[in-house]
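**Q** Let's see this in three dimensions:
(one chain, ligands or ions: 1)
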Amino acid sequence: MLPLENREIAKQLRTPHGPHAIQIGEFMERSNKHMYTMCLKHASLKSKENVLEIGPGNGCFVSEFFRETNDISYTGVELSQEMLQVCKNRNSAFIHDRKASFLKGDIMELKLPDNSYDVIIAINVIYFLNPVEVYLNDLIRIIKPGGRMVLGFRDISSMQKLPFVDENFSLYDANRLSEILVNSGFEQVDTKFGTEVIKLPDGRQAELLNCSCLALKGKMA
Ligand SMILES: C[S@@+](CC[C@H](N)C(=O)[O-])C[C@H]1O[C@@H](n2cnc3c(N)ncnc32)[C@H](O)[C@@H]1O
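**A** Have a look, this model is predicted:
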C-alpha cells in the first residue's frame with residue numbers, strides 16, 4: 001500500500017518527485033509488467049533499430065527491450081530527475097556497453113532531430129501528453145519514414161476504476177486514440193488488447209483492459 005492521498009498519487013504518477021518518488025517507481029514496477037510484455041511483443045523490435053522510450057519511470061523494464069534482440073540502440077527520455085537517476089543506476093551495464101542512454105526532459109522540449117528513430121514506445125504516458133495532437137505532431141516528426149510508434153495505455157473504463165485517476169489524466173479508448181493518430185498523420189493503426197487483475201494501492205483488486213496501439217509513419221519499410 002502507498003502511504004499517500006489519491007491526489008498525491010495522481011501527481012506523482014505524472015512526474016514522480018520528492019521523497020515518495022522511489023516508492024511510486026516501485027508501485028509502477030509492480031503494476032505494469034503485463035503492459036510492457038504486451039507492447040514490446042507488438043513493437044517486435046529488430047536488430048539495429050534505434051528505439052526511443054518516453055517515460056521509462058524507474059527503468060525497471062529497460063532490460064525487456066533487449067530480450068528479443070540484443071543489438072538495438074535504446075534512448076529513454078524521462079521528465080523526473082529522481083526516476084532518471086534510478087534508470088541510470090539500474091541500467092549502468094547497458095550504458096557502459098553504449099546500448100542505452102537517458103535524457104532528462106519533456107520529450108517535446110528536447111527537440112530531437114527529424115527522422116531519427118525507428119520505433120517510439122510510450123507506456124502509461126499518453127494520459128499526460130497535453131494537448132495530445134501537439135505531442136503527436138512532434139513525435140511523427142522524429143520517427144523515421146516507415147517507422148512505428150507503440151502507445152500502451154489502459155482503456156478509459158479501466159482507468160475510471162482506479163481511485164487515484166483524476167481529471168488531470170487524459171483518458172482514451174482504442175477507437176478514439178486510433179482516430180487521433182490517423183488525424184495526426186499516422187497510418188495503419190493496429191490495436192491489441194489484454195486483460196489483467198491488479199492490486200490497487202488500498203489492497204482491493206480490479207480487472208483492467210490494457211491496450212497497445214501500434215501506428216506507422218508511412219508504409220512499413
Ligand atoms: C505513469 S509513469 C509510467 C512509467 C512506466 N512507463 C510504466 O508504465 O511503468 C509516467 C512516466 O512518464 C514520465 N513523463 C510524463 N510526461 C513526460 C514527458 N512529456 N516527457 C518525458 N517523460 C514524461 C513521468 O515522469 C513518469 O515517470
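**Q** How many residues are close by whichever residue of the chain sits closest to the ligand?
**A** Going by CB to the nearest ligand atom, the ligand is nearest to residue 55 of the chain, at 2.3 Å. Yep, even glycine has a C-beta here, placed from its N, CA and C like the rest. Residues contacting residue 55 under the criterion other CB atoms under 10 Å number 22.
**Q** Confirm that residue 190 sits in a strand.
**A** Yes. Under DSSP: H, G, I helix; E, B strand; the rest coil, residue 190 sits within a strand.
**Q** List the buried residues in stretch 43-58.
**A** By 16 or more other CB atoms under 10 Å, the buried positions in stretch 43-58 come out as 43, 45, 49-58.
**Q** Helices - which of those land there?
**A** Members of those lying in helices (criterion: DSSP state H): residue 43.
**Q** so can I have TSV of the buried residues of stretch 43-58 showing distance to residue 100 and pLDDT?
**A** Putting the buried residues of stretch 43-58 into TSV (distance: CB to CB, whole Å; pLDDT from 0 to 100) gives the following:
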residue	distance to residue 100	pLDDT
43	16	98
45	13	98
49	13	98
50	12	98
51	9	98
52	11	98
53	10	98
54	14	98
55	15	98
56	10	98
57	15	97
58	14	97
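**Q** would you turn the buried residues of stretch 43-58 into TSV with distance to residue 139?
**A** Formatted as TSV, the buried residues of stretch 43-58 follow (distance: CB to CB, whole Å):
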residue	distance to residue 139
43	14
45	17
49	16
50	14
51	13
52	9
53	12
54	8
55	13
56	16
57	19
58	23
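**Q** which one of the buried residues of stretch 43-58 is nearest residue 91?
**A** residue 56 (8.8 Å; CB to CB).
**Q** Who does the closest residue to that closest one other than its chain neighbours form a beta bridge with?
**A** Nearest residue to residue 56 in three dimensions, chain neighbours excluded: residue 76, at 4.1 Å (CB to CB, 6 or more residues apart in numbering). Applying DSSP bridges to residue 76 gives these bridge partners: residue 53, residue 102.
**Q** Do you know the pLDDT at residue 76?
**A** Listed pLDDT for residue 76 reads 98.
**Q** How many residues are close by it?
**A** Neighbour number of residue 76 under other CB under 10 Å is 26.
**Q** same question, residue 41
**A** 15.
**Q** Identify all contacting residues around the helix or strand where it lies.
**A** Remark: residue 41 resides in helix 33-43, with elements defined by DSSP states H and E. Residues from elsewhere that reach helix 33-43, judged by CB atoms under 8 Å, 6 or more residues apart in numbering: 61, 64-65, 67-68, 119, 121, 123-124, 148, 150, 152, 154, 190, 192, 194, 196, 210, 212, 214.
**Q** Verify the stated contact: residue 32 with residue 61.
**A** Yes. At 7.4 Å, residue 32 counts as touching residue 61 under the criterion of CB atoms under 8 Å.
**Q** who touches both of the two?
**A** By CB under 8 Å, 6+ apart, the residues touching both residue 32 and residue 61 are residue 123.
**Q** Write out the residues of the protein neighbouring the ligand.
**A** For the chain, the contact set with the ligand under CB under 6 Å from any ligand atom comprises 13, 15-16, 28, 32, 54-57, 77-80, 83, 106-107, 123-125, 128-129.
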